[in-house]
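>>> A predicted structure for the sequence below; I have some questions about it.
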Amino acid sequence: TSAVVLHGKRLQVTRATVQASGGHQAQEARVVEHQPFEQVALLVTEPLLAGHNYTLSIQYRANLSQSFHGFYKSTYRTREGELRVLAATQFEPTAARMAFPCFDEPAFKASFSIIIRREPTYFALSNMPIVKSVNLSPWLVEDHFDTTVKMSTYLVAFIISDFKSISKMTHHGVKVSVYTVPDKINQAEYALDAAVKLLDFYEDYFSIPYPLPKQDLAAIPDFQSGAMENWGLTTYRESALLYDPEKSSASSKLWITKIIAHELAHQWFGNLVTMEWWNDLWLNEGFAKFMEFVSVSVTHPELRVEDLFLSRCFDAMAVDALNSSHPISTPVEDPAQILEIFDDVSYDKGSCVLNMLRDYLTADVFKAGLVQYLQKYSYRNTKNEDLWNSLTNASIPYPGFFSDFICPTAGTDKQSGGFCRRSQQSSSSAHWTEGGTLDVRAMMDTWTLQTGFPLVTVTVRGKNVHLQQERYLKGVDSPPPTGYLWHIPLTYITSKSDTPQRFLMTTRADVIILPEEVEWIKFNVDMNGYYIVHYEDDGWDRLINLLKENHTVVSSNDRTSLINNIFQLVRVKKLSISKAFDLTLYLKHERQIMPVLQGMHELIPIYRLMERRDVDGTEKELQKYIVSLFKDLIDKQSWSDEGSVSERLLRHSLLLFACVHRYQPCVDKARGYFTEWQKSNGTLSLPADVKTAVYAVGAQTSEGWDFLLSKYRLHAFSVEKENIELALSLSRSKDKLQWLMDQGLRGDIIKTQDLPYIIVLVANNPSGHHLAWSFLKENWEKVVEKFELGSNSIASIVTGVTRRYSTRPQLTQVKEFFSSLEEKSARLRCVQQAVETIEHNIEWMDRNFEKVKTWLKNNHL
């Protein structure tokens, strides 16, 4: 060939040469740039020959990026207020090309040798340790880093800063360090201990040593996402790494631990073994998300990380139920499309589907398959099916696959691979089907290559349980989608047996025969499966009755899934809203965190939709009802940081809920605390878990708001920034809300990294939703330039600002604005999600508003 095409973006290439190995003379190359494809071509007169080695030398210059990707500039203020500058990198998915010319695709793995020149007042970090530093002059030092292992370009990283660090060795001899701005190094201890524990856990779990001599964790003052898994130098936003034992909340500790667990899991899933192309991004992200739970439940059992797993699956289902969703594994071609799949489907649905698979295969088989996969493909790239093949292989040596699957003995030897699939259960009339070898791929293709998830309808006729599956789709009067079929690992318990029974459903309809008639049956035990269930006839009445009489008969996970499922069934007209509200009555007696939060999660958005309409006071009645459900639990809360992590998380949510929804005893107490705190000029130590509620009430007055803002700007309150932002966004003053968004865009008082969060907070405020929409329209170009088209940040703003809209004029406004933009913006998936959500809200309100009003009246609440 006489052309070599690499990636390069915003690089000024000044000279390029090509040298044949063993050749004397390097030949000059002409450089051509093709900006739309972010490519640079080197053209030579003498063609390069196949099978020969050549060295390309490229001289170029570029400015530090002003956004959050590429090789970018970040700033922070010291405790004394001095502004300091640093430079850091964020390359995933396609920004390594903004730092150096390269083959910027995950399958082009290479080893990297990096040399950085810097002033002596700064120091440099990269993936590998420094092997030598050379003083070139009194004001210039050259650092040589060790050569990396073979890896993808998006994992290369370097930071030039004046950070401080603390370090510790793992049991396996890896040096772990945490780097932060000098004033915050005292908040690094927790992350360091967590990282050491987690890195040791993963080395043992995967039976593969961590291959680098060190693992650095660096907190970057300006950072767009939560964190990034660069090999040997993971980077984090400050709130995802820094923990102050005096001031940080329980939720902050949980979030930090999970994020570190996520990035360290990537050192194996993603870094050591990488997806061949971005369409299988979920192999990285679904896994890292799933491993957060596997690892943290072992290393930090007191955090009860499993309590959060379900809400993640429900969040994924909310977007996965839309027409605009996509399969877990989905074709992507350009940088904006690639960015768009860093979403709830790749991360959260990916992790939920893996959890279902682990439950189906058993934890041991699952782990054996993962280890086999990682060992086989180390330093290589993989596709979906490579993982399924490893898991299938791991399952072959297990003849009695499930303890409760017993193959019939009468003269058969149909245990080829040992998995018997039974269609019916009564021992006398059971007919068995030959399972053959367990085929993980056939099953998992139905979950990763199809959009959406199944709704299983259960109809009980005596001992016969009739099952049907269809795709669950929130559509406005669209015909039910056909042609979808999943292999669903069904599990169920009944009034007669709390041992989960298992059954693999691979057809559109099937029947299970129970040994005896039962009073109730509950499918999807603990919601381990990524599907929802509808009970025909009086099936729901029996379950609602069960919750009313003795809700603890089923697990807290099962109660949570019933609350979620019943409201999802209302959306597709399988049930009336009054039936769903009947179920919520039992919540008066609920004490566990997951069902309580799920109840709020279903009811509060309905209140918010009605509040926006502001019609006839129905929303006030609904608010009263929601508060009455949780009143006893709220009154029981101590205003302290006592109790387990679950109790603390619940207290934080309940008190904030009660104060925001103006439950008087809560408001009075919070106001008292705020006054005391203000008198002490902010020195009084408030319990971490009640702070947000106290700030929220304090920010309702103009002087309280100003006082909170004055504290926000101080160094001492750095770990509380997000809590204070939330409180400030609850103001009823339009000027104050507008000021928050303007400042977020300016980036001085409020960091621009927090702008997406602030815009959505303002949009959630009834006084602010018009402002947020106008702000988004007026500043669209600036926001896209800063956060990149297709990014999760842009998606969260678009869906967050519009998700409470429920009128036709609002729908028209949203459609008109986005269709006025250039095609790339108009075609974004988040825009389709926003439009669909508004359509559903309109339809939901038209159908259910009067019914809710009647239900509230009839229940004399």
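Thanks, I have it. Residues are numbered from 1 along each chain as shown.
>>> what is the residue nearest to residue 120 when sequence neighbours are not counted paired to in the beta sheet?
Counting by C-beta to C-beta, 6 or more residues apart in numbering, residue 120 lies nearest to residue 141, which is 5.5 Å off, once chain neighbours are set aside. Quick note: C-beta positions are derived from backbone N, CA and C, even for glycine. Each beta-bridge partner of residue 141 is listed here, defined by DSSP bridges: residue 118, residue 135.
>>> tell me the contacts of residue 141?
117-120, 133-135 (C-beta atoms under 8 Å, 6 or more residues apart in numbering).
>>> Ignoring the adjacent residues along the chain, who's closest to residue 487?
residue 443 (4.0 Å).
>>> Please list all residues in contact with that neighbour.
Applying C-beta under 8 Å, 6+ apart, we find residue 443 in contact with 360, 487, 489, 504.
>>> I'd like to know how many residues surround the closest residue to residue 28 other than its chain neighbours.
With C-beta to C-beta, 6+ apart as the criterion, residue 28 has its nearest non-adjacent residue at 5.7 Å, and that residue is residue 17. The local packing count at residue 17 equals 16, with neighbours defined by other C-beta atoms under 10 Å.
>>> right, and residue 17 touches residue 54 too?
No - in this structure, residue 17 is not within contact of residue 54 by C-beta atoms under 8 Å, at 10.0 Å.
>>> is it true that the residue nearest to residue 487 lies in a helix?
Yes - secondary structure assignment places residue 443 in a helix (DSSP: H, G, I helix; E, B strand; the rest coil).
>>> thinking again about what came up before, doesn't the residue nearest to residue 28 fall inside a helix?
No - checked against three-state DSSP, residue 17 lies outside a helix; its state is strand.
>>> measure it to residue 58 for me?
When C-beta to C-beta, to the nearest Å is applied, the distance between residue 17 and residue 58 equals 8 Å.
>>> Now tabulate the contacts of residue 141 in CSV and tack on distance to residue 315, pLDDT and neighbour count.
Shown next, in CSV, are the contacts of residue 141 (distance: C-beta to C-beta, whole Å; pLDDT from 0 to 100; neighbours: other C-beta atoms under 10 Å):
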residue, distance to residue 315, pLDDT, neighbour count
117, 45, 98, 12
118, 43, 97, 17
119, 45, 97, 11
120, 48, 97, 12
133, 47, 97, 14
134, 51, 97, 11
135, 53, 97, 10
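>>> Pull the most distant pair out of those residues.
Pairwise distances among the contacts of residue 141 were taken by C-beta to C-beta; the largest, 14.1 Å, belongs to 119 and 134.
>>> circling back to that earlier point, pLDDT wise, what is the residue nearest to residue 487 at?
In this model, residue 443 is scored at 94, pLDDT.
>>> now do residue 283
92.
>>> ditto for residue 399
What the model reports as pLDDT for residue 399 is 41.
>>> Identify the residues contacting the closest residue to residue 215 other than its chain neighbours.
Nearest-residue entry for residue 215: residue 176, 5.0 Å, with adjacent residues in sequence omitted and distances by C-beta to C-beta, 6+ apart. Residue 176 makes contacts with 167-170, 192, 195-196, 199, 214-217, as judged by C-beta under 8 Å, 6+ apart.
>>> and residue 590, how far is that from residue 552?
When residue 590 is compared with residue 552 (using C-beta to C-beta), they lie 10 Å apart.
>>> Give me the more crowded residue out of these two.
Just comparing residue 590 and residue 552: by other C-beta under 10 Å the higher neighbour count belongs to residue 590, 23 against 12.
>>> of the contacts of residue 176, closest to residue 599?
When these are ranked by distance to residue 599 (C-beta to C-beta), residue 195 comes first, at 35.8 Å.
>>> Let's verify that closest one: helix, strand, or coil?
Classification of residue 195 using three-state DSSP returns helix.
>>> Quick check: it touching residue 260?
Yes - using C-beta under 8 Å as the test, residue 195 is close enough to residue 260 to be in contact (5.3 Å).
>>> Quick check: neighbours shared by those two?
Common contacts of residue 195 and residue 260, defined by C-beta under 8 Å, 6+ apart, comprise residue 217.
>>> out of the two, which sits in the more crowded spot?
Neighbours per residue, other C-beta under 10 Å: of residue 195 and residue 260, the larger number sits with residue 260, 29 against 26.
>>> didn't that one look like it was pressed against residue 198?
Yes - here residue 260 lies in contact with residue 198, judged by C-beta under 8 Å, at a distance of 6.0 Å.
>>> how far does the strand or helix carrying residue 815 sit from the chain's center?
When secondary structure is defined using DSSP states H and E, the element that contains residue 815 is helix 808-819. Taking the mean of its C-alpha atoms, helix 808-819 sits 28 Å from the chain's own mean (C-alpha atoms, centre = their mean, to the nearest Å).
>>> and what of stretch 324-334?
Per C-alpha atoms, centre = their mean, the displacement of stretch 324-334 from the mean C-alpha position of its chain is 17 Å.
>>> again, but for stretch 376-389
The chain centre lies 23 Å from the centre of stretch 376-389; the measure is C-alpha atoms, centre = their mean.
>>> what stretches of the stretch 351-500 of the chain score poorly on pLDDT?
With pLDDT under 70 as the threshold, the stretch 351-500 of the chain has low-confidence stretches at 397-437, 476-480.
>>> Helices along that one, start to end?
Listed in chain order, the helices of the stretch 351-500 of the chain (DSSP state H, counting those that start in this stretch) span residues 363-376, 384-395, 440-448.
>>> for the stretch 201-350 of the chain, same thing?
250-266, 282-299, 309-320, 335-340, 344, 350-361.
>>> how about those in JSON lines, adding distance to residue 7?
Written out in JSON lines, the entries for those read as follows (distance: least, C-beta to C-beta, whole Å):
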{"stretch": "helix 250-266", "distance to residue 7": "22"}
{"stretch": "helix 282-299", "distance to residue 7": "20"}
{"stretch": "helix 309-320", "distance to residue 7": "31"}
{"stretch": "helix 335-340", "distance to residue 7": "10"}
{"stretch": "helix 344", "distance to residue 7": "28"}
{"stretch": "helix 350-361", "distance to residue 7": "27"}
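>>> Which of the ones you listed sits closest to residue 455?
Proximity to residue 455, assessed across the helices of the stretch 201-350 of the chain by C-beta to C-beta, is greatest for helix 309-320 (10.5 Å).
>>> how does this structure divide up, domain by domain?
Domain ranges of the chain: 1-61, 452-575, 658-731, per the TED database.
>>> Could you list the buried residues of the longest helix anywhere in the chain?
Taking DSSP state H as the criterion, the chain has its longest helix at helix 829-858. By neighbour count, with 16 or more other C-beta atoms under 10 Å as the criterion, the buried positions of helix 829-858 are 829-845, 848-849, 852-853, 855-856.
>>> Low-confidence ranges, this structure, go.
397-437, 476-480, 860-861.
>>> Just give the number of residues close to the closest residue in space to residue 836 that isn't next to it in sequence.
Closest residue to residue 836 apart from its sequence neighbours, by C-beta to C-beta, 6+ apart: residue 322 at 4.9 Å. Close neighbours of residue 322, defined as other C-beta under 10 Å, add up to 20.
>>> distance of residue 223 from residue 349?
25 Å.
>>> Between these two, which is the more surrounded one?
For residue 223 versus residue 349, neighbours defined as other C-beta under 10 Å are more numerous around residue 349 (29 against 24).
>>> Pull the contacting residues for the residue nearest to residue 28.
Under the criterion of C-beta under 8 Å, 6+ apart, the contact list for residue 17 reads 26-29, 56-57.
>>> With distance to residue 459 added, can I get these in a markdown table?
Rendered in a markdown table, the data for the contacts of residue 17 read as follows (distance: C-beta to C-beta, whole Å):
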| residue | distance to residue 459 |
| --- | --- |
| 26 | 77 |
| 27 | 76 |
| 28 | 77 |
| 29 | 71 |
| 56 | 67 |
| 57 | 72 |
